[in-house]
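*Asks:* Please find the sequence and the predicted model below.
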Amino acid sequence: MPRILFLASQSPRRASLVRLLGVGAVGMFPAYLDEAMDEAMSPTENVERLALHKARQIATEVAEMEGVVLGADTTV
C-alpha cells in the first residue's frame, strides 16, 4: 500500500507545490481551528505554531491510516 502525504491544508497551491516535489499521493485535509495571531509572538512563531496545530489536528484524524502529515501556514 503506498503511503500518503496528508496535507493539513485546503490550499490547491500548496498541494500543487507538494506534487512538484514528486509526491504522488497527496490527501488534502483542511484543519478547522482558530487562526488568530498571538500578538505576543513574532510572525514566524505564529506561523510555526499554526502549522504545528494543523498537523497535530490532522494527525489525530488520520491516525488509523498509513502516511505522513504535513502542516503548513503562511503570513502576509
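*Replies:* Received it, and whenever you're ready, just let me know what you need. Residues are numbered from 1 along each chain as shown.

*Asks:* max-length helix in the protein?
*Replies:* Counting residues, the longest helix in the chain under DSSP state H turns out to be helix 43-61.

*Asks:* Is residue 4 in contact with residue 70, as I believe?
*Replies:* No. Between residue 4 and residue 70 there is no contact under CB atoms under 8 Å: 10.7 Å. Where you see a C-beta, it was placed from the backbone N, CA and C, and this is true even at glycine.

*Asks:* Does anything pack onto the longest helix of the chain? Which helices or strands?
*Replies:* Counting contacts by 3 or more CB pairs under 8 Å, 6 or more residues apart in numbering; DSSP states H and E, helix 43-61 packs against strand 4-8, strand 67-71.

*Asks:* and the residue of the chain positioned farthest from its centre, how far is that from residue 63?
*Replies:* Going by CA atoms, centre = their mean, the residue of the chain most distant from its centre is residue 40, 23.1 Å out. Distance from residue 40 to residue 63, counting by CB to CB, to the nearest Å: 32 Å.

*Asks:* Just name the most buried of the helices and strands packed on helix 43-61.
*Replies:* Compared across these, strand 4-8 shows the largest average neighbour count, a mean of 22 (mean count of other CB atoms under 10 Å).

*Asks:* Which pLDDT value goes with residue 1?
*Replies:* As predicted, residue 1 sits at a pLDDT of 55.

*Asks:* same deal with residue 75?
*Replies:* So, for residue 75, pLDDT stands at 83.

*Asks:* so it sits right up against residue 47, yeah?
*Replies:* Yes. Using CB under 8 Å, residue 75 makes contact with residue 47 at a distance of 5.3 Å.

*Asks:* would you list the helices and strands packed on helix 43-61 in CSV and tack on mean pLDDT?
*Replies:* Below are the helices and strands packed on helix 43-61 laid out as CSV (pLDDT from 0 to 100):
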stretch, mean pLDDT
strand 4-8, 93
strand 67-71, 93
